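> Could you work out the structure for the sequence below:
(chains A, B, C and D)
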4 protein chains.
Amino acid sequence: MSDRVKKVKVGINGYGTIGKRAATAIGAQEDMEVVGVTKTRPTYEATVANDLGIPLYVPDDAAIETFRKAGIKVAGTIKELYKKVDIMIDCTPGDVAESYKKEYTDAGIKAIFQGGEDHSLTGISFNASANYKESWGAQFSRVVSCNTTGLIRTLYPLDKKFKIKEVFATLIRRSADPNDSKKGPINAIEPSLSIPTHHGPDVQSIMPWLNIQTMAVKVPTTLMHLHTVTVKLEKDITTEDVITLWKKTPRVRLVRGKSGVKSTAQIMELARDTGRSRGDMYEIIVWEDGVKVVGRTLYYYQAVHQESDVIPEIVDCIRSMCKLEEDATASVKRTDKAMGI
Amino acid sequence: MSDRVKKVKVGINGYGTIGKRAATAIGAQEDMEVVGVTKTRPTYEATVANDLGIPLYVPDDAAIETFRKAGIKVAGTIKELYKKVDIMIDCTPGDVAESYKKEYTDAGIKAIFQGGEDHSLTGISFNASANYKESWGAQFSRVVSCNTTGLIRTLYPLDKKFKIKEVFATLIRRSADPNDSKKGPINAIEPSLSIPTHHGPDVQSIMPWLNIQTMAVKVPTTLMHLHTVTVKLEKDITTEDVITLWKKTPRVRLVRGKSGVKSTAQIMELARDTGRSRGDMYEIIVWEDGVKVVGRTLYYYQAVHQESDVIPEIVDCIRSMCKLEEDATASVKRTDKAMGI
Amino acid sequence: MSDRVKKVKVGINGYGTIGKRAATAIGAQEDMEVVGVTKTRPTYEATVANDLGIPLYVPDDAAIETFRKAGIKVAGTIKELYKKVDIMIDCTPGDVAESYKKEYTDAGIKAIFQGGEDHSLTGISFNASANYKESWGAQFSRVVSCNTTGLIRTLYPLDKKFKIKEVFATLIRRSADPNDSKKGPINAIEPSLSIPTHHGPDVQSIMPWLNIQTMAVKVPTTLMHLHTVTVKLEKDITTEDVITLWKKTPRVRLVRGKSGVKSTAQIMELARDTGRSRGDMYEIIVWEDGVKVVGRTLYYYQAVHQESDVIPEIVDCIRSMCKLEEDATASVKRTDKAMGI
Amino acid sequence: MSDRVKKVKVGINGYGTIGKRAATAIGAQEDMEVVGVTKTRPTYEATVANDLGIPLYVPDDAAIETFRKAGIKVAGTIKELYKKVDIMIDCTPGDVAESYKKEYTDAGIKAIFQGGEDHSLTGISFNASANYKESWGAQFSRVVSCNTTGLIRTLYPLDKKFKIKEVFATLIRRSADPNDSKKGPINAIEPSLSIPTHHGPDVQSIMPWLNIQTMAVKVPTTLMHLHTVTVKLEKDITTEDVITLWKKTPRVRLVRGKSGVKSTAQIMELARDTGRSRGDMYEIIVWEDGVKVVGRTLYYYQAVHQESDVIPEIVDCIRSMCKLEEDATASVKRTDKAMGI
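Predicted coordinates for the structure are as follows:
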């Protein structure tokens, strides 16, 4: 890309778990740049943004004063940020997206929402491999949640190649992120009683034809979600067929229990050891020695790094919405190369 | 029962998690009594046995000396115990049952093994509601494991009444018992990679006709296992049909999330509050507001108290093997009444 | 005690962790009785109260309706309860004690508050062994918190016998109770930054002459608090002197790591095995092989069962306030015998 | 440094938690290089070493075969590695250091041992700020453990400036490293019963004059150790004096609870956010709003990242032993700059 090509200017609304990772990933691409992030409170994360040289925007003038008292540099208010960007990545917590959508609309800018919001907010949901083109040029799109992204990453290629008849998955969810020391439980398992859970319909926002049902429980861990998945297929296939397919699938990575990756703990260690930013594992991890086809039923376990698996999807979604790259595969390759995947 | 009726004399080999609960439960019945338990090391649990007045037997004369030095009273060696009992409850750890079976055979006594052993050890496996009569008069039987007992408790009546076509369950297992401070993980989820796991075939040791597949993961909690279960049925039924059935099923108990039983933590609290020995929950717990029939597929969550759910089964198994009671339902009633279930 | 002796009538405001245990303990005494407990929401704990035959009182008529709809029997409103009791045990959560104190005053009844409230609320704080007589006939008193009770149980006799010069303790606190599945952290240690922490001054509400400083951290466990304590003494004493003293001290219990009680997990197992109500350990647990005097400094570890150690103190406090028993030692004996300590 | 300057050639015996971090840190320095690391089993960590281009050495020819079968490239046996290095960093597990010391002696090479070994193994222990020169030119030295390093980092400058009379610390230890999914406890606190614990004498291997006593407990977390420390000083000083001192102390970093760093969870988040290799926090973290001087007693909390705080010390120890840099302060600066501290 020539230096003269104008980079897409991106703003990030909310500099928390997803927002700060999006900032790092977008900053690593050559066709887009982060012009500012927003923060509501002057925490240590705001100080880090200062240290990294990322311009900070805050809700209003009162907040500017609060931040300055805390010794944190502020570039302006969020309204000022809107004027500088082509697209906002909305990483705000739940319940406020609706009102922000109105602000983005008024400001005449594009925006990407997260999977915590309903599909109905945008009418378009995004996964790079499955439906890159649906967000092409759109003003608003939604990158589906970490768990939904995880399910689509392995199911979409399976369905495309072998035709899926039915999927059932149990989602064993981490209860809090690593930087959250408030939430529990410390010692309990908690089921999501409203079943089948919303994860099935959320997958259908991308793959509407898929027959999928899900249940979910929360467990006392912070590292990753883990899914047990059973897939009934239309065709006779072998375990090896599935493994071969996933080995070629972008953002799906196979590990083996017999080489010491016994649990989510070792997956995270692997990410740290390979020099990933923040020790993140952007790929969906499938245990190669935990994949098994019996008759026409496929069983497998996959682990999802809830803090980061959607990050490369956000980058691709920007490319589709801002018409930076027509080909999904090419976008995925560019994103992954820049992120060291 | 008249005082003149001779009680069946029971010995318990291993006074750990299961052994000590079996001792309490058997001691509460009017047609059987504990004449001794065995212990290999002079721990605080041995002291408690002394305090409770339960005769302690140890491996050999050297052990007698060790225990006496630790200030713990010993009644004799395990060989001496064999002479005093009609039946042994084998609660030894894995890998030694085979050799103990030989000892019991030589001593001419009956024995019950636990679910940690293979079905092939005894050729007969036991669940009170499903196959009480199969162990009738047998010399050896095996009470299936906590998880298998849990699955049979809810599936057997379902199958009997509505005919099951297929079952898939994910077992989210506690990683260590509450009194175990050695085992982890502290912060990880670990899948059982050899799939489908052995739990399906173990259910089939009691219900050989059942089409059931399972997967399993370990999570960092000590309280209970939790199962997500999907059942395909042959008939059209409603959620209410299932709830009505389980309300009448012995050793199955319904709780509701909306009354505050959100997780395994509150189930254990319920057991403690209702005055159960050791805070045990012998019943399989099903969330009433987590049961859902969609088409001919039933989804439900159940929780299994791994320390205690098999205990009433052990009592019933003694009755069947020692021909104390011909009717399964009658035995279950007597057991449960004596245990406060 | 003759049947004609009128029992003190006790009401319990709040039927949670402390309230329900107080109900059980008071119900076991021969000179007092529980005439009702209060509950604000129709949870499973309210159902248990119904099952146990404990009259339930609720805030107002609206609540009566809510409970009845949930199928839970209600005896009346809290104002009606006030008319039936001599004394209320206030087990309400923080921030409301002040207004309840006014209600109790208006109703002309006595009340005991918990350690979560400040000493200034009542002007009198209570520990059975240390200052039983200070609450004699009082209208209001406060049973100090679980941690403060724990420190006083071991320090008061030490000071009385050997004269303490200075105490420093680190309180390693459980982060949530076993029945709480909301609070974390799941994987972190959190210090109490405002130091020295309030625990020292709280001990001084009972032992004002004691030179004691404390620090505290929260850790991801639910079972017990654990204290590391260093005590500088005025006299030369031996490790054995201290152990001998505590062996004779009521509500202090020695355990040994070498007999398998390595952690708080095995202490809780011990409580369950010995048939304690709810698996509670009312005594402060000191590791005998973790007591050490070096020069004139004593080091020891003690564990505190936060759910239950104050319960026998509440019973004794009733006796002092209602003038049921003049002698502290006699009251402690009666309480402990009735509770199986 | 000119290209012609010969770099010190370093081998690392054991490529686990410490070994792999030492490899990264040494690889970042301009005056030393890693020529090989050893591994006994062909795990995923060995694959990562391959991917990073770090030559792998194994125990013997049989191991070479095992690794090759697992698809992992091997450079030779450990005996061959000895011939290529000036110094070995011994990161082997406990109990084998003695025999390796003999091997290093026979090979005529230097070696650094870890804090898991006794001081008597080498007769010299190392901390860069406290006693850099003691290891000057030595054949063997020992970098003290993570906890000991942590205590010395804050105590040494305190003692130097304000003269310490007495220290008491409680070490609240993480029970397992993040990549360890075997060890527990899941829900318990476990005291180290042999008191005062060995940590005091270990600090004295560097500061023999210091009057320090310690106690320790294990808690269910993986992230960091946390110390509560009380220091009695010879002089009147203020809280501000201490904070000012530590702000200038290398490898000590102040954080504030009021800016959101409430627990070890947020410290680790800070390390990840600031781009540290593996998300490591090499500095000892002191809570600025948790430092308090009362009279002549100082109270503070510090957190120790057990996986990484010794790593820069290892680098400095190489410089001292290999006579690469005479001045301790200069070495610390070079190390820290290269590691991004």
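
> Can you read off the pLDDT for A:M1?
As predicted, A:M1 sits at a pLDDT of 42.

> same thing with A:V5?
pLDDT, A:V5: 66.

> Residue numbers of the stretch 201-341 of chain A in contact with chain B?
Counting by C-beta under 8 Å from any C-beta of the partner chain, the residues of the stretch 201-341 of chain A close to chain B are A:213, A:215, A:217-224, A:226, A:228, A:230, A:257, A:262-265, A:287, A:289-290, A:292, A:294, A:297, A:299, A:301, A:303. In short, each C-beta sits where N, CA and C put it, glycine included.

> and the residues you listed, which are buried?
Those of these that meet the buried threshold are A:213, A:215, A:217-224, A:226, A:228, A:230, A:257, A:262-265, A:287, A:289-290, A:292, A:297, A:299, A:301, A:303, by 16 or more other C-beta atoms under 10 Å in any protein chain shown.

> wait, does stretch A:189-209 contact chain D?
No. Using C-beta under 8 Å from any C-beta, stretch A:189-209 never reaches chain D; the gap is at least 12.4 Å.

> can you tell me if that stretch touches chain C.
Yes. Stretch A:189-209 is in contact with chain C by C-beta under 8 Å from any C-beta, via A:E190.

> Kindly export that stretch (C-alpha atoms) in CSV.
Extracted C-alpha coordinates of stretch A:189-209, given in CSV (Å, rounded to 0.1, in the frame of the first residue of the first chain):
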residue,chain,number,x,y,z
ILE,A,189,-21.2,-24.2,39.0
GLU,A,190,-24.1,-22.1,37.7
PRO,A,191,-26.3,-23.1,34.9
SER,A,192,-28.0,-20.7,32.5
LEU,A,193,-31.6,-21.8,33.2
SER,A,194,-33.3,-20.1,30.2
ILE,A,195,-32.8,-22.9,27.6
PRO,A,196,-32.0,-23.5,24.9
THR,A,197,-29.6,-20.6,25.5
HIS,A,198,-29.3,-17.5,23.2
HIS,A,199,-26.1,-18.8,21.7
GLY,A,200,-27.8,-21.0,19.1
PRO,A,201,-29.9,-18.1,17.7
ASP,A,202,-26.8,-15.9,17.7
VAL,A,203,-25.0,-18.4,15.5
GLN,A,204,-28.0,-18.3,13.3
SER,A,205,-27.6,-14.5,12.8
ILE,A,206,-24.7,-15.6,10.6
MET,A,207,-25.7,-19.1,9.5
PRO,A,208,-29.5,-18.9,9.5
TRP,A,209,-30.0,-22.3,8.1
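
> Next, the buried residues of it.
A:189-193, A:195-207.

> Kindly report the same for stretch A:161-169.
In stretch A:161-169, counting by 16+ other C-beta under 10 Å, buried: A:161-162, A:164, A:167-169.

> before we move on, what about stretch A:64-72?
Here stretch A:64-72 shows A:64, A:66-67, A:70, A:72 as buried, counting by 16+ other C-beta under 10 Å.

> That stretch - what's its average pLDDT?
96.

> Those residues of the stretch 1-150 of chain A touching chain D, which are they?
By C-beta under 8 Å from any C-beta, the residues of the stretch 1-150 of chain A that approach chain D are A:20, A:41-45, A:47-48, A:51, A:70.

> Please tell me how far the nearest residue to A:Y82 once chain neighbours are set aside sits from chain D.
Using C-beta to C-beta, 6 or more residues apart in numbering or on different chains and skipping residues adjacent in sequence, the residue nearest A:Y82 is A:A107, 3.9 Å away. Using C-beta to the nearest C-beta, to the nearest Å, one gets 29 Å for the distance from A:A107 to chain D.

> Spit out the contact partners of A:R41.
By C-beta atoms under 8 Å, 6 or more residues apart in numbering or on different chains, the residues touching A:R41 are A:66, D:260.

> interface residues of the stretch 101-250 of chain A facing chain C?
Proximity of the stretch 101-250 of chain A to chain C (C-beta under 8 Å from any C-beta) is limited to residues A:175-176, A:178, A:180-188, A:190, A:220-222.

> Looking at the residues you listed, which one is closest to D:M32?
Of all these, A:P178 has the smallest distance to D:M32: 32.9 Å, by C-beta to C-beta.

> Could you find the closest non-adjacent residue to the closest one?
A:T222 (4.6 Å).

> That neighbour reaches C:G184, doesn't it?
No. Contact criterion C-beta atoms under 8 Å: A:T222 and C:G184 do not qualify, at 9.0 Å.

> Find residues that contact each of those two.
Common neighbours of A:T222 and C:G184 (C-beta under 8 Å, 6+ apart) are A:175-176, A:180.

> Could you dump those into a markdown table and include secondary structure and neighbour count?
Below are the shared contacts of A:T222 and C:G184 laid out as a markdown table (DSSP: H, G, I helix; E, B strand; the rest coil; neighbours: other C-beta atoms under 10 Å in any protein chain shown):
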| residue | secondary structure | neighbour count |
| --- | --- | --- |
| A:S175 | coil | 22 |
| A:A176 | coil | 21 |
| A:D180 | coil | 20 |
